[in-house]
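Colleague: dropping a prediction and its sequence here:
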Amino acid sequence: MKTIDLQKHTVRDLNQALHDQVEECTIREWEVLEPKGQHNIACGLDQNLAVDIKGHAGYFCAGMNKKAHVTIFGNAGQGVAENMMSGTVRVKGDASQAAGATAHGGLLVIEGNAGARCGISMKGVDIVVKGNVGHMSCFMGQAGSLVVCGDAGDALGDSLYETHIYVKGSVKSLGADCIEKEMRAEHIDELTDLLNRAGVEEDPKAFKRYGSARQLYNFKVDNASAY
Amino acid sequence: MSEDINVKDGLRESATFDRTTMTEIRRAAETGIYDIRGFGAKRKLPHFDDLLFLGASMSRYPLEGYREKCNTSVTLGTRHAKKPIVLDIPVTIAGMSFGALSANAKEALGRGASLMGTSTTTGDGGMTPEERGQSSKLVYQYLPSRYGMNPDDLRKADAIEVVLGQGAKPGGGGMLLGQKITDRVAKMRTLPMGVDQRSACRHPDWTGPDDLAIKIQELREITDWQVPIYIKVGATRTYYDVKLAVKAGADVIVVDGMQGGTAATQDVFIEHVGIPTLAAIPQAVQALQEMGMHRKVQLIVSGGIRNGADVAKCMALGADAVAIGTAALVALGCNHPKYDEEFKKIGSAAGFYDDYHEGKDPAGISTQDPELMKRLDPVEAGRKLANYLNVLTLEAQTLARACGKNDLRNLEPEDLVALTVESAAMARVPLAGTSWIPGQKY
Amino acid sequence: MCGIVGLYLKNKALESQLGALFTPMLIAMTDRGPDSAGFAIYGDEVADGSTKLTLRHPDEHYDWDRLASAIKDDLGVTVEWFKNSKVAVFKVGAEVDVIQSYLAENAADILILSAGQSIEILKEVGLPKNIAETFNLASMKGSHIIGHTRMATESAVTMEGSHPFSTGQDLCLVHNGSLSNHNRLREELKREGVTFQTENDSEVAAGYLTNRLRKGDTLNEALTNALKDLDGFFTFTIGTRDGFAVVRDPIACKPAVMAETDDYVAMASEYQALTTLPGIENAKVWEPEPETIYVWERDQ
């Protein structure tokens, strides 16, 4: 295992060392010390690495992650795992706004709460939040799944496309074109699998499912108030 | 007044409620939704035609056309990038998406640009293998929607353009109507087929220049600081926006004036938001000069560039390069008279067609219809684009040599005069034959 | 577009270290705001009936001593004063209205950066590090402090356009974001008698609060009204005599993070500004909700 202390090395040094593993992977396990909220830690990874960040991370941690497994032992700033393609990002603490924004794949687990716009414009990622999510979560969500074990804030799933949303707690309000949907057997299966992958012990039957009413998919004059 | 088109056989049409206005009112009453169309602003605006060059005669010496060199190449991204882009000509192809345009059209743009040693740009919909394959220099747009955004393509790009807005619709997001969301387009954008796609107007994970600075840092980290990062803005509060783009860390700033085109936006947006390209350039240059960054952070200007004179005038006002969109499509064959009959069938006419969003373009450019697409041969169309780019360059060189310059970038505002008070005020050059620049203190 | 930092000490034993604890917080926000910086520090209170002012004159060599003597003679009150770089802090044995109208009449070219019993506002154009050095921030004492680093959006980079903006006695405001209806609002406020020194959007927010408070709103009411009347994007931190308040607009795009331990409450635009605080590793760290007014104040 390789340890990099971010009080002694720059984020640039760290990221270059991690990117160098793409050509030839010589070290698979990495530990990052003293991140102290710095931005852009471990972004752009493209190798099956395990990166443990021991502390709070700033903006865009693990941004555009591919293949790697990044764990933040602390809170994550804005846009954690934004545009992730594959791999896993796990936040032990809370995540700020826009967690998993536009992510195409992989699994993002937030063990604490997530802020506003969690999963905004998500495009295939699976996000599991043990705590609550803030307002406008899953805004314009296109594909993938968002699981919220706590409560959801205002305007959940506004202008949703095909993302599946599961919430165990209360939903403060649903956004435009987002409705509660029936929880069928295939959804229980999907949710069970998501919870298992995230290592979260919850009863899938306690969740409600939300999805797109698909009323805003095409312009209609009668929907003008929602535009 | 000899001919007033508003007067006919003794009848008088209202200048306020003319036929176009009435047609739009009726259309709105019928449909209940705003008019969406492509193309750029159609209203008359102060433009480069209102400027003239002061060729050399006695006080200055001109250069000979075929013997004495006039450099056209320009290097972009020298501020931070390890690999700046070197363009042979200062005319680049602006961002236009696969989805808005057919794959053949994208390929033709790449071919034409590559033949002339310049760059082309992706659009809101990701990077296609065709355009990467055919473009020797490809700028990858980073847009609010992030359709098809992925780190592999990001690392394949020769530059990254963070798009905050475009001249046709500063403050608005993109649109692509269902007719054009085919299976391939839908897959690239992770959307259901046939939806009317409304893209976001703000980026999902940052807002404002302070957070943009961090975002740019992220893009640099992901690409190991190799390639230049551009910031593209629609021309509005250009002076402030350019300063903030420099503060946020841009290598190159792209300013798109209100004549800039779009694939589909509300007509009201196209015609009523933004400032003319002519007015935006001096603001941008002033901002760069005040920060000591003119020529260090390069400026690309777009929006209504049509000929070599426009190119030379942009550069004289202080741009490092220009970008063309609509003009490039016309070079490929957009609105070509040979399809006039077909344009009429869909309620338009050659030279007037702007319903790019409907996907029925008879010229096979702004369409995803497989039959229409076939009409555009990417090799031939690419050749035409290259020819056109060549003419733009030759024309710009001709004008620069006439002003005694051995490099297009040595053109200065002092080489220009204005024909109208409006253009003199906007371009900040004197009215022809005077030393008067409206709005300037002496 | 900017960085905001605030630190409120619950543990009085730390008050002598307030400036030292705060200096790295301010400097950590340099990337968010390289144009100018400033802070409002609270402490070293004057007695009831007395007023503390932070004053500045366009002439760097202005004769403050002469002003102090004139106030003493003309008003028959006590005056103590000291200079800190280009500003002078005056402690006058008179009510705030008395001294403010005296200055307006007799020294109209003096800029009053702050007035109250506790507040001192110090701000300048330049990098946060230089501003901290200019005012010797690290050696300053007090109970709480809020600061700001500015990346100017539309209005000029000047000392006057720097934050914090005074919004009344012992009150000030710092802002991260960009308001979109400040021009008309400024005109309305001017008609109601609020004066402005810059074209800055944040100064309008400060003027708005000043006006609401003058009309009798409590701070909470004034902020609730601000949420209704101010359009655009904002995270505000408002310094009060007893602590500070934080509020974000309903969309809440501009960042804010809070931290609390037994010793202090701190806020910042980014977590990295909090990392130098003692015991931060075990602090409670969270983000304020949109459209929610948070107030931290010591018990009266």
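Modeller: Yep, that arrived. Residues are numbered from 1 along each chain as shown, chains lettered A, B, ... in the order given.

Colleague: for chain B, what helix or strand is lowest in average pLDDT?
Modeller: strand B:7-8 (a mean of 68; mean pLDDT, DSSP states H and E).

Colleague: mind telling me what element the residue of the stretch 101-250 of chain C at minimum distance from chain B is part of?
Modeller: Going by Cβ to the nearest Cβ, chain B is nearest to C:E154 of the stretch 101-250 of chain C, at 4.9 Å. The C-beta positions use only the backbone N, C-alpha and C, and glycine is treated the same way. Using DSSP states H and E, no element contains C:E154; it sits outside every helix and strand.

Colleague: I figured it hits B:T238, correct?
Modeller: No. C:E154 lies out of contact with B:T238 (Cβ atoms under 8 Å); the separation is 11.8 Å.

Colleague: so for those two, which residue has more residues nearby?
Modeller: When neighbours are counted by other Cβ atoms under 10 Å in any protein chain shown, B:T238 comes out ahead of the other of C:E154 and B:T238, with 26 against 15.

Colleague: now do the more buried one, the pLDDT please.
Modeller: On pLDDT, B:T238 comes in at 97.

Colleague: cool, B:G99 as well?
Modeller: B:G99 carries a pLDDT value of 89.

Colleague: what's the burial count for the residue nearest to C:E124 when sequence neighbours are not counted?
Modeller: Nearest in space to C:E124, with sequence neighbours left out and distances taken as Cβ to Cβ, 6 or more residues apart in numbering or on different chains, is C:I131 at 4.9 Å. C:I131 is flanked by 24 other residues according to other Cβ under 10 Å.

Colleague: swap in B:H47?
Modeller: Quick note: B:H47 (other Cβ under 10 Å) scores 20 neighbours.

Colleague: quick check, central residue of the chain?
Modeller: Assuming you mean chain A. A:G100 (3.5 Å; Cα atoms, centre = their mean).

Colleague: correction: the question concerned chain B.
Modeller: B:S302 (3.9 Å).

Colleague: give me phi/psi at that residue?
Modeller: Main-chain torsions, B:S302, degrees, to the nearest 10: phi -140, psi 170.

Colleague: what residues sit buried inside the helix or strand hosting the residue nearest to C:E124?
Modeller: C:I131 belongs to helix C:128-134 when assigned by DSSP H and E. Neighbour counts over helix C:128-134 (16 or more other Cβ atoms under 10 Å in any protein chain shown) mark C:P128, C:I131, C:A132, C:T134 as buried.

Colleague: excluding chain neighbours, what is closest to the last one?
Modeller: Spelled out, it's C:T134. That would be C:S85: by Cβ to Cβ, 6+ apart, it lies 4.8 Å from C:T134.

Colleague: gap between the one you found and C:L18?
Modeller: Distance of C:S85 to C:L18, computed by Cβ to Cβ, to the nearest Å: 18 Å.

Colleague: the two - which one has more neighbours?
Modeller: Using other Cβ under 10 Å, the more surrounded residue of C:S85 and C:L18 is C:L18, with 25 against 14.

Colleague: please read off the pLDDT at the more buried one from the model.
Modeller: Per the predicted model, pLDDT is 97 at C:L18.

Colleague: and B:T182, by the same measure?
Modeller: pLDDT, B:T182: 87.

Colleague: so it sits right up against B:T367, yeah?
Modeller: No. If you go by Cβ under 8 Å, B:T182 and B:T367 don't touch, sitting 9.9 Å apart.

Colleague: can you check which residues contact both of the two?
Modeller: Counting by Cβ atoms under 8 Å, 6 or more residues apart in numbering or on different chains, B:T182 and B:T367 have no common neighbour.

Colleague: contacting residues around C:E281?
Modeller: A:G55 are the contacts of C:E281 under Cβ under 8 Å, 6+ apart.

Colleague: quick check: it is in a helix.
Modeller: Yes. Counting by DSSP: H, G, I helix; E, B strand; the rest coil, C:E281 is located in a helix.

Colleague: how much space between B:Y240 and B:Q283?
Modeller: Counting by Cβ to Cβ, the gap from B:Y240 to B:Q283 is 9 Å.

Colleague: so which of those two has more stuff around it?
Modeller: Remark: of B:Y240 and B:Q283, B:Q283 carries more neighbours, 21 against 17, as counted by other Cβ under 10 Å.

Colleague: how about that one, secondary structure?
Modeller: Relying on three-state DSSP, one would call B:Q283 helix.

Colleague: okay, the residue sitting furthest away from the middle of chain B: pLDDT?
Modeller: Relative to the centre of chain B, the most outlying C-alpha is that of B:G10, 43.4 Å out, by Cα atoms, centre = their mean. On pLDDT, B:G10 comes in at 80.
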